[in-house]
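Engineer: here you go, sequence then predicted model.
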Amino acid sequence: MNSIDKLIQIFSEFPGIGPKQARRFVYFLINRNEAYIEELKNQISELRKGVSSCFDCKRYFFSKFDTQTLCSICSDKTRDTSILMIVSRDIDLENIEKGHSFLGKYFVLGGLVPILDKNPEQRIRLKELLALVSRMSDKGLKEIILGLDANSEAEYTGNILKTSLSPITEKYSIKISELGRGLSTGTELEYSDPETIKNALKNRS
C-alpha cells in the first residue's frame, strides 16, 4: 500500500467521511506547499499535548495547567448540580451549550452501543458514568436527562443506561427523562439547531 492509499484509509476512519471524501483530502494535501504540511503536522502533534479529559464529565478540553482536572463547565459553581444530561459525543455537548438552554451538568459517553451488542462497557464509559452519578446523588441529584440522538442505536443505548442506573435512581428517587418532541426520528444532536434543542428540553418526559 502506497502513501496515498494509506492516507485515504486513515481519513476514511474519520466520522462521516467516506472513501471519496478521503481521496479529495489526500489530493488537496498533495497540492499544498511544504509550509502548510509542516504546520498541519505541528498542530496535530500539539493537539495531543494540550488536551485533557475532564475527570467528571469526560469531555476533552484544553488544560492550562498539568494539575487541572476539571473542564470549565464542571468547575463552574453556578451550574445546576441537580440535573445531569448524558450525551454520546463531545460535539453534542458543544452544540447544546451554544443554545444556552441547559444549565446543568453533563456526561459524555464516548459513543453509542450498537444494537444487540453484549459488551456495552467496551463501547461507552458506563463505569465512569455510574461513579459520577453515585457522587452526584449524595449531593442532591434529582434528574438525569438522556440527551441522545433520535435513532434506534441511541434508543438501545438509553435502555442499557436505564437498567444500569436503576439501583441508584431507585434508591435516591432520581428521575430519568428523555428529550421530547422537537427531535424527529433519525435526528442527530450534532445537527440540531438551538431552538430545536430548546424545545426538546422543554418537552422532555
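Structural biologist: Done, it's in. The model shown is predicted, which means the values in this text are computed figures rather than measured ones.
Engineer: quick one: buried residues of the longest helix along the chain?
Structural biologist: The longest helix of the chain (DSSP state H) is helix 152-172. For helix 152-172, a neighbour-count test (16 or more other CB atoms under 10 Å) marks Glu153, Ala154, Glu155, Tyr156, Thr157, Gly158, Ile160, Leu161, Ser164, Leu165, Ile168, Thr169 as buried. C-betas here are computed from N, CA, C, even on glycine.
Engineer: could you give the mean pLDDT of the next helix or strand after it?
Structural biologist: Note on helix 152-172: by DSSP states H and E, the next helix or strand toward the C-terminus is strand 175-178. In this model, strand 175-178 has a mean pLDDT of 95.
Engineer: strand 175-178 pairs with which strands, and in what direction?
Structural biologist: Partner strands for strand 175-178, per DSSP bridges, with pairing direction: strand 143-146 (parallel).
Engineer: which residues touch the strand it pairs with?
Structural biologist: 82-86, 104, 133, 158, 161-162, 165, 169, 174-179, 201, 204 (CB atoms under 8 Å, 6 or more residues apart in numbering).
Engineer: could you measure from Asp76 over to Gln9?
Structural biologist: Look at Asp76 and Gln9: by CB to CB, to the nearest Å, they are 41 Å apart.
Engineer: next one: Gly158
Structural biologist: 33 Å.
Engineer: low-confidence ranges, this structure, go.
Structural biologist: Applying pLDDT under 70 to the chain flags residues 181-187.
Engineer: hey, where'd the strands end up in it?
Structural biologist: Assigned by DSSP state E, the strands in the chain fall at 51-53, 60-62, 80-87, 104-108, 143-146, 175-178.
Engineer: need the ones you listed in JSON lines (columns: mean neighbour count).
Structural biologist: Output for those, formatted as JSON lines (neighbours: other CB atoms under 10 Å):
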{"stretch": "strand 51-53", "mean neighbour count": "15"}
{"stretch": "strand 60-62", "mean neighbour count": "14"}
{"stretch": "strand 80-87", "mean neighbour count": "20"}
{"stretch": "strand 104-108", "mean neighbour count": "23"}
{"stretch": "strand 143-146", "mean neighbour count": "22"}
{"stretch": "strand 175-178", "mean neighbour count": "16"}
